[in-house]
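S.K.: Task: produce atomic coordinates for the following.
(chains A and B)
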Amino acid sequence: MNRRTAAAWMLPLAAVLVFGVALSATLGYLDVSIPDVFAILIAKLRGLDMPAGIDPVAATVVADVRMPRILAAVLVGGLLGVSGAVFQAILLNPLADSYTLGISTGAAFGASLVIVLQIFGLALPPGVTIPIFAFGGGAGTLAVVLFLAAGDRRLSSTSLILAGVIVAAILSAAIGFLKFLADEQVGLIIFWLMGSLAGASWANILLLAPTALLGTLVAVYYSRDLNIMATGDRAATSLGVNTVRLRLVLLAVSTLMTALAVSVSGIIGFVGLIVPHMLRHLIGPDNRLLIPLSFFTGGLLLLVADTLTRAVLPVEVPIGVLTALLGGPFFCFLFKRRQRNGTTAF
Amino acid sequence: MAPPLSERNTGLLWSLREVHFSYSDTPVLRDIDLELRCGRCTGILGPNGSGKTTLLDLLAGLQTPQSGTIEFQGRPMAAWPKKHLARLLALVPQDFMVRFGFSVREVVEMGLHPHLHRFATPSGADRSLIDQALAVTGIAPLADRPVTRLSGGEKQRVAVARALAQRPTVLLLDEATSNLDIHHSLELLHLIRDRFERQDMQVVAVMHDLNLAAFFCDHLIFLKEGRVICQGPTDEVLTPATINAVYGVEAEVTANAFTRCRQVSFRLPASH
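M.R.: Alright, predicted model coming up:
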């Protein structure tokens, strides 16, 4: 890879993403034109009064309702895309992803726990505690899954995914129990299970944006080491890659990225699986390009999906349900094709 | 052009003193006292499970012994920064497996990793080094193919090309030819031997095949059950007595006029 190919892919994708954000902001119950969207946002950002000729209702809708949700879609999609790419590269497993590893479910369990604790009178500030509990749940799940799969030293697809499914099943039952305890607040927990961006606020963006930026930078920083990991631990160590530290740092960062995405949007499955996969077919497995492109493509994919359910479909289908309905069959297809090829070549 | 073998620098590469190594409770290497020197291709031989690969891992700094000291170029292994060590030592593993479809060129380029700053792109000199490594290993025509689509022999040549691109002082081979047919084995060993003779690249090789070792190595180290049974110049130590002591087979060693090196034939002892 050289810098020119990287720029040739990244710049157009970034441009499409900006255009997508602007276009999505015009769509919805209320029609707003693209120039108006830009005018509203510029005025908002500079702290000025709205220019004449712009409906104040439209201004509020665009700036305080649509924009946070749209940006949350982009950031959550990007976070899931990057974390999926990193999980796949570090575990040498093209079927790994925060969803198939059970990390999303673990994070959702952590988040649901906060709600139940609140019912029992533990008044914790949800803005801080939900992300922390989500991370705790996600990291704990990853630790258990890796422990279960570690008997197989190569962390093969089957044992890793099987461990992920088992742990996710137990956690789903645990969330079911929390739902039972939550009684009247059950709606909030169901929100985490189905995944939705409907409640996204600017405060969420302030949490997601730095995480996405830092997480992606860390992953890009280690991307050449990640490439070398694909040739096996022993060979990588002999090339001067500190494999233990690399695993620890990147698993922690990816889990954090997943957990914060889940704390805002609930479980949104398969984005982290599909995005790096499609990209590997288009541009090859070089993580130096794959990781940043996974951010843009993941963001774009979730933006399109969320705009569909928010503004195009007659009823708002929860986004997690939509991605699972589309992504699940894709996963089945990949799984079956791997068996047919009888190889790990992707 | 490097000087002829007889005038070579025979400086010390590794010295191992009273080295013990075990995996959890199973001792793998015991009481290893060794010196490995420049100027000769060193072969490590022994039956399955005798600790050959573990010894190579210790030399490469991939494992640390439970007791004893290992020094490389007069400096304890633990004191070498890993990245620095990677500029001096390159390893060719037995089964070179790549999990994603990187192109052959991309994999060989990974050999530059210890020499390049994290965000640096390969210079013109680096690129011609890669081209050269691809050419001498005969995989230049495959440069753009995904490495996952190659045969075992081709993959192994990619591993050697990557190790050459690493520009090591010492090349470590871990049964690098054990999955190759005789033609590819000889080709690969000739290529490495050529690097040793002309460019002074040192070689330490774990080997299975005694006849290939006789052709390839100047100095042999025989391991059995984690101990060094005997070591010395190939012509002195590759004898029926050694082979019987190490492998428990009867052997005949002859100076072969056709191959111009020692050749070994075996049979099981009569009591079998």
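S.K.: For chain A, give the residue positioned nearest to chain B.
M.R.: Proximity of chain A to chain B (C-beta to the nearest C-beta) peaks at A:Gly240, 3.1 Å away. C-beta: built from backbone N, CA, C; applies to glycine.
S.K.: What does that residue show for phi and psi?
M.R.: Main-chain torsions, A:Gly240, degrees, to the nearest 10: phi 90, psi 10.
S.K.: so where does the closest residue to it other than its chain neighbours fall, helix or strand?
M.R.: Nearest residue to A:Gly240 in three dimensions, chain neighbours excluded: B:Ala86, at 3.1 Å (C-beta to C-beta, 6 or more residues apart in numbering or on different chains). Following DSSP states H and E, one finds B:Ala86 within helix B:82-88.
S.K.: List the buried residues for that helix?
M.R.: Buried residues in helix B:82-88, defined by neighbour count with 16 or more other C-beta atoms under 10 Å in any protein chain shown: B:85-88.
S.K.: Closest to B:Ala161 out of those?
M.R.: Checking the buried residues of helix B:82-88 against B:Ala161 by C-beta to C-beta gives B:Ala86 as the nearest, at 16.4 Å.
S.K.: Just the pLDDT at the closest one, thanks.
M.R.: Model confidence at B:Ala86, given as pLDDT, is 94.
S.K.: what do you get for B:Ile243?
M.R.: B:Ile243 is assigned a predicted lDDT (pLDDT) of 92.
S.K.: A:Leu171 too?
M.R.: A:Leu171 carries a pLDDT value of 92.
S.K.: A:Leu273 now?
M.R.: pLDDT for A:Leu273: 89.
S.K.: repeat for the one 4 residues further on
M.R.: pLDDT recorded at A:His277 is 89.
S.K.: That one touches A:Leu334, doesn't it?
M.R.: Yes. Under the criterion of C-beta atoms under 8 Å, A:His277 makes contact with A:Leu334 at 7.0 Å.
S.K.: tell me the contacts of the closest residue to chain A within chain B?
M.R.: Nearest to chain A, among the residues of chain B, is B:Ala86, at 3.1 Å (C-beta to the nearest C-beta). B:Ala86 makes contacts with A:238-240, B:113-114, B:166, as judged by C-beta atoms under 8 Å, 6 or more residues apart in numbering or on different chains.
S.K.: how about the residues of the stretch 101-250 of chain B that lie near chain A?
M.R.: Contacts of the stretch 101-250 of chain B with chain A, taken as C-beta under 8 Å from any C-beta of the partner chain, map to B:101-103, B:106-107, B:110-111, B:113-114, B:118, B:121, B:146, B:148-149, B:159, B:166, B:172.
S.K.: same thing but 7 Å
M.R.: Counting by C-beta under 7 Å from any C-beta of the partner chain, the positions of the stretch 101-250 of chain B adjacent to chain A are B:101-103, B:106-107, B:110, B:113-114, B:118, B:121, B:148.
S.K.: can you redo the residues you listed as CSV with pLDDT, secondary structure and neighbour count?
M.R.: Shown next, in CSV, are these (pLDDT from 0 to 100; DSSP: H, G, I helix; E, B strand; the rest coil; neighbours: other C-beta atoms under 10 Å in any protein chain shown):
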residue, pLDDT, secondary structure, neighbour count
B:Gly101, 91, coil, 18
B:Phe102, 94, coil, 23
B:Ser103, 94, strand, 17
B:Glu106, 94, helix, 22
B:Val107, 96, helix, 26
B:Met110, 95, helix, 23
B:His113, 94, helix, 22
B:Pro114, 93, helix, 22
B:Arg118, 83, coil, 10
B:Thr121, 83, coil, 11
B:Thr148, 90, helix, 18
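S.K.: how about the strands in the chain?
M.R.: No chain specified, so I'll use chain A. Along chain A, no segments are classed as strands by DSSP state E.
S.K.: hm, I was asking about chain B
M.R.: Taking DSSP E, the strands of chain B run over residues B:12-23, B:26-37, B:42-45, B:67-72, B:75-76, B:89-92, B:170-174, B:202-206, B:219-224, B:227-233, B:250-256, B:261-267.
S.K.: what inclination does the fourth one have with respect to strand B:12-23?
M.R.: The one in question is strand B:67-72. On the basis of axes from the mean of the first three to the mean of the last three C-alpha atoms, to 10 degrees, strand B:67-72 is oriented at 150 degrees to strand B:12-23.
S.K.: so what does strand B:67-72 touch, helix or strand wise?
M.R.: strand B:12-23 (3 or more C-beta pairs under 7 Å, 6 or more residues apart in numbering or on different chains; DSSP states H and E).
S.K.: Residues contacting the strand it packs on, please?
M.R.: Strand B:12-23 is contacted by residues B:28-38, B:54, B:58-59, B:63, B:65-73, B:170, B:202 when judged by C-beta atoms under 7 Å, 6 or more residues apart in numbering or on different chains.
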